[in-house]
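>>> fold the following for me, if possible:
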Amino acid sequence: GAARRRLESSTAVGPTDAVAQDATKSSMARRDFGSTIRSVSLTRPGAGTRRTHRLVRVARRHQIPALHVRFHCTLVPQINRMSRPAGVRSGKWCSVPADQPERGDWMRLSTFPLLAIAVACSGCGDSSSSTPSRTPEDVARGELLEALVEEYVDANIEPDDPGLAYVVIGPRGAVAEGAFGMADLERELAITLETPFEAGSVAKQFTAMGAMLLIEAGLLGLDDPIANELPEVPAEWDGVTIEQLLLHTSGIRNLEAVSAPEREDWSNEDVLEWAITQPLGGGAGAEFNYTNTGYALLALIIERVSEKPFDVFMKERIFDPLRMSNSGVDPVWPPDIPDRAVSYLLDTVTEVDGGGTGWAAQHTTIEDMKRWEAELREVTLVSPDTLGDVFTAHVPAPTGDEKEPPNYAACGYGYGWDVCDQAGLPPEVGHSGEYSTFHAWFRRFPEEQVAVLVFTNGSNSSGNVFWGFALAESLAQAYFNEPLPE
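Next up, the predicted model:
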């Protein structure tokens, strides 16, 4: 049917790539495809990675047990180390004489079996799987969203530019997901769903969760003065509480008042040392005044109360229990993380240490954030009542900067989360993030069990570093308001 035609269209014969005519005899798990899927041969560098990812997405969507793709050796410089979507693996690549690329051989499935890209279909047809089956509506909506993303990406970047990774999650799991562009230009490393990105202020929701763990354990209280754990603070700060740090109502000056180069290599102790020299703005509890300093101090408090380094506490209490194995706090920047995304403005590296942790300086991946989203739906770390408090707008929080859509009706702030109503969309909790030229926007619509997440590691081809935010907005609007094709 239509799904089969799309697969055939995505591998259509072109001037420099062709669909091999020898079938691999792999059985289809879905009636949409009938009998077999053919192996695919790719030779054109520009289309290699993108076409392969498109095939992989189609195969996963329709639960094809295995899809074999073979590459001509002349593609090796581009696709070598190309990471795969979850469940996809590859082996070593063949070599090509540098001065005679035309002599490169095909990586044939028959003689190079480890070079096949296999799409794992965990639990296909297994009624005992805990993940609900995707509906035809999910499939149609996924195709609509993936087409929207591909069109947007094509209009904004080239395949060898810095790029993005994204996911849209519905009630039954991921509806659409993908990765485009390069994580590391120098190493020619492509972005995938397993690429670690700097999360920016999306980290605040994790720091808030760390604080709530200690509050539930009776080791902290929302109304506790921060002076209990930070005796260095001046008497003027006696009224500042843990809750005020969480809600940005402490009046403590934002560390962004100091230029990034000046605060390079700052620890949270350094942030505290600077902050106590600054006057409180408006007094503790006066009004919402967004400040990264408050979350750096919250991380320091968590460290002192738990008697563990903040990064270790977060690993042991949040990331490890949720199997977020590619996530972590980064006390040193840039972190030594294999295959992580690098931050760019056009093709220039723009990585600057923002100083401290808790407010940012945390890496994660699309796959790990899917696990985080699952936790937020079926909470295990804290009680449902505590999570309800986290998602409650305790104070009004004005919006209106260049990152936010212009049609937000009203926003408040919970514990590490924006809580917003926007015209045309269900009630939302979420947070944007930026660090150097990394940008992230995690948007959740709890009543509908829908989430949208976009990570970018640089500007688009025009130098706009906020281009990923526009995509996150378009995905949310399309999910809820675009009619599905007949």
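>>> am I right that residue 352 falls within a strand?
No: under the criterion used here (DSSP: H, G, I helix; E, B strand; the rest coil), residue 352 is coil, not part of a strand.
>>> what's the burial count for it?
17 (other CB atoms under 10 Å). All C-beta spots, glycine's among them, are computed from the backbone N, C-alpha and C.
>>> look up how far residue 297 lies from it.
Residue 352 sits 21 Å away from residue 297, taking CB to CB, to the nearest Å as the criterion.
>>> try residue 251
Taken as CB to CB, the span from residue 251 to residue 297 is 12 Å.
>>> the two: who's more crowded?
Neighbour count, other CB under 10 Å: between residue 251 and residue 297, residue 297 has more, with 29 against 23.
>>> ok, the more buried one touching residue 232?
No: counting by CB atoms under 8 Å, residue 297 does not reach residue 232; the two are 10.5 Å apart.
>>> which neighbours do these two have in common?
When contacts are counted by CB atoms under 8 Å, 6 or more residues apart in numbering, residue 297 and residue 232 have residue 272 as shared neighbours.
>>> quick one: the helices in the protein, in order.
2-10, 45-61, 76-79, 136-156, 203-216, 242-247, 268-275, 292-306, 310-314, 366-377, 384-390, 467-481 (DSSP state H).
>>> for the ones you listed, give me a markdown table that also has mean pLDDT.
Shown next, in a markdown table, are the helices of the chain (pLDDT from 0 to 100):
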| stretch | mean pLDDT |
| --- | --- |
| helix 2-10 | 35 |
| helix 45-61 | 46 |
| helix 76-79 | 36 |
| helix 136-156 | 97 |
| helix 203-216 | 98 |
| helix 242-247 | 98 |
| helix 268-275 | 96 |
| helix 292-306 | 98 |
| helix 310-314 | 98 |
| helix 366-377 | 98 |
| helix 384-390 | 98 |
| helix 467-481 | 96 |
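>>> how about the ones you listed, which one is nearest residue 322?
helix 366-377 (5.1 Å; CB to CB).
>>> list the buried ones in the closest one?
Buried residues in helix 366-377, counted by 16 or more other CB atoms under 10 Å: 366, 367, 368, 369, 370, 371, 372, 373, 374, 375, 376.
>>> nearest residue to residue 165 in space, please, no chain neighbours.
Leaving out its chain neighbours, the residue that sits closest to residue 165 by CB to CB, 6 or more residues apart in numbering is residue 179, at 4.3 Å.
>>> show the pLDDT at residue 83.
The per-residue pLDDT reported for residue 83 equals 36.
>>> equivalent analysis for residue 103, please.
pLDDT, residue 103: 35.
>>> i'd like the first residue to be 44 from this point on
Shifting the count to begin at 44 puts that one at residue 146.
>>> still on that earlier bit, closest one of the buried residues of helix 409-420 to residue 330?
Proximity of those to residue 330 was ranked by CB to CB; the top entry is residue 419 with 28.0 Å.
>>> show the contacting residues for that closest one.
Shown in contact with residue 419 (CB under 8 Å, 6+ apart): 430, 487, 489.
>>> quick one: buried ones out of these?
430, 487.
>>> distance to residue 249 added to the contacts of residue 419, as JSON lines?
Output for the contacts of residue 419, formatted as JSON lines (distance: CB to CB, whole Å):
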{"residue": "430", "distance to residue 249": "13"}
{"residue": "487", "distance to residue 249": "14"}
{"residue": "489", "distance to residue 249": "18"}
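>>> tell me how many other residues surround residue 472.
Neighbours of residue 472 using other CB under 10 Å come to 23.
>>> bridging residues for it?
For residue 472, the beta-bridge assignment (DSSP bridges) gives partners residue 462, residue 487.
>>> show me the contacts for it.
434, 457, 460, 461, 462, 463, 487, 489.
>>> hmm, back to that, who's in contact with the residue nearest to residue 208?
Taking CB under 8 Å, 6+ apart, one finds 96, 128, 206, 207, 208, 209, 233, 234, 235, 236, 238, 409 in contact with residue 222.
>>> so what's the residue nearest to residue 499 when sequence neighbours are not counted up against?
Spatial nearest neighbour of residue 499, chain neighbours left out: residue 511 (3.7 Å); criterion: CB to CB, 6+ apart. Each residue near residue 511 by CB under 8 Å, 6+ apart is listed here: 207, 482, 483, 484, 497, 498, 499.
>>> now do the third one, the pLDDT please.
In this case it means residue 483. pLDDT, residue 483: 97.
>>> that one contacts residue 500, correct?
No: contact criterion CB under 8 Å: residue 483 and residue 500 do not qualify, at 9.9 Å.
>>> so what's in contact with these two at the same time?
Common neighbours of residue 483 and residue 500 (CB under 8 Å, 6+ apart) are residue 240.
>>> just the ones of the contacts of residue 222 in strands?
207, 208, 209, 233 (DSSP state E).
>>> and which of those is nearest residue 301?
residue 207 (29.8 Å).
>>> quick check: bridge partners of the closest one?
Listed by DSSP bridges, the beta-bridge partners for residue 207 are residue 223, residue 499.
>>> distance of it relative to residue 481?
To residue 481, residue 207 is 11 Å away according to CB to CB.
>>> which neighbours do these two share?
498, 499, 500.
>>> could I get those as JSON lines with pLDDT and distance to residue 196?
Converted to JSON lines, those look like this (pLDDT from 0 to 100; distance: CB to CB, whole Å):
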{"residue": "498", "pLDDT": "98", "distance to residue 196": "13"}
{"residue": "499", "pLDDT": "98", "distance to residue 196": "11"}
{"residue": "500", "pLDDT": "97", "distance to residue 196": "13"}
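>>> span of stretch 218-228 from start to end?
29 Å (CA to CA, to the nearest Å).
>>> you'd agree residue 290 is up against residue 332?
No: Residue 290 is not in contact with residue 332 according to CB under 8 Å; the separation is 10.0 Å.
>>> neighbour-wise, which of the two wins?
residue 290 (23 against 18).
>>> which residues touch that one?
Going by CB under 8 Å, 6+ apart, residue 290 touches 331, 437, 438, 456, 457, 458.
>>> between these, which is nearest residue 361?
For these, the nearest to residue 361 is residue 458 (14.4 Å; CB to CB).
>>> could you measure the closest one against residue 380, distance?
From residue 458 over to residue 380 (counting by CB to CB), the distance is 28 Å.
>>> do residue 496 as well
19 Å.
>>> got it, and residue 432?
As for residue 432, its distance to residue 380 is 33 Å (criterion: CB to CB).
>>> can you check residue 203 too?
From residue 203 over to residue 380 (counting by CB to CB), the distance is 22 Å.
>>> between the helices of the chain, which one is closest to residue 385.
Using CB to CB, the nearest of these to residue 385 is helix 510-524, at 15.7 Å.
>>> show me what counts as buried in the closest one.
Residues 510-522 are the ones in helix 510-524 that count as buried (16+ other CB under 10 Å).
>>> any idea of the angle that helix forms with helix 179-199?
Going by axes from the mean of the first three to the mean of the last three CA atoms, to 10 degrees, helix 510-524 is angled at 150 degrees with respect to helix 179-199.
>>> do you know how far residue 429 is from residue 252?
Counting by CB to CB - residue 429 and residue 252 are separated by 9 Å.
>>> higher neighbour count, these two?
When residue 429 and residue 252 are compared for neighbours, residue 252 comes out ahead with 23 against 16, by other CB under 10 Å.
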